[in-house]
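# no sequence on this one, just coordinates:
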């Protein structure tokens, strides 16, 4: 997942979460809050894991967020600011590199 894809998917998830939260207003309490938060959190975790894979890191590196300040800063640096690995990695080829396998129809 490219940086742009990471930002786009993250903003979509946050936007949908905010719309649902705003629509419910004060009605969201207790179990309803968890019903809303868990899918949003799961989607964001999966987006971060895909981005870590693009940087050639395992998804387990996301646990670094538990380290105060430095863990979060490292994750922001890796996920949001750095380009993916130029060559392919163990999760696949670079999606931004041009490939020579195009179909040309005349």
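Received the coordinates, thanks. Given the structure is predicted, the values throughout are model-derived calculations rather than measurements. Numbering: from 1, shown residues only.

# Next, the contact list for the residue lying closest to residue 79 once chain neighbours are set aside, please.
Sequence neighbours aside, residue 51 is the residue nearest to residue 79 in space, at 4.9 Å (criterion: CB to CB, 6 or more residues apart in numbering). Quick note: C-beta positions are derived from backbone N, CA and C, even for glycine. Shown in contact with residue 51 (CB atoms under 8 Å, 6 or more residues apart in numbering): 1, 3, 6, 78, 79.

# now, which of those lie within helices?
Among those, the members found in helices (DSSP state H) are 3, 6.

# and which of the contacts of residue 51 is nearest residue 71?
Closest approach between the contacts of residue 51 and residue 71, by CB to CB: residue 78, at 10.8 Å.

# any idea what sits nearest that closest one, other than its immediate chain neighbours?
Closest residue to residue 78 in three dimensions, ignoring its sequence neighbours and counting by CB to CB, 6+ apart: residue 55, at 5.4 Å.
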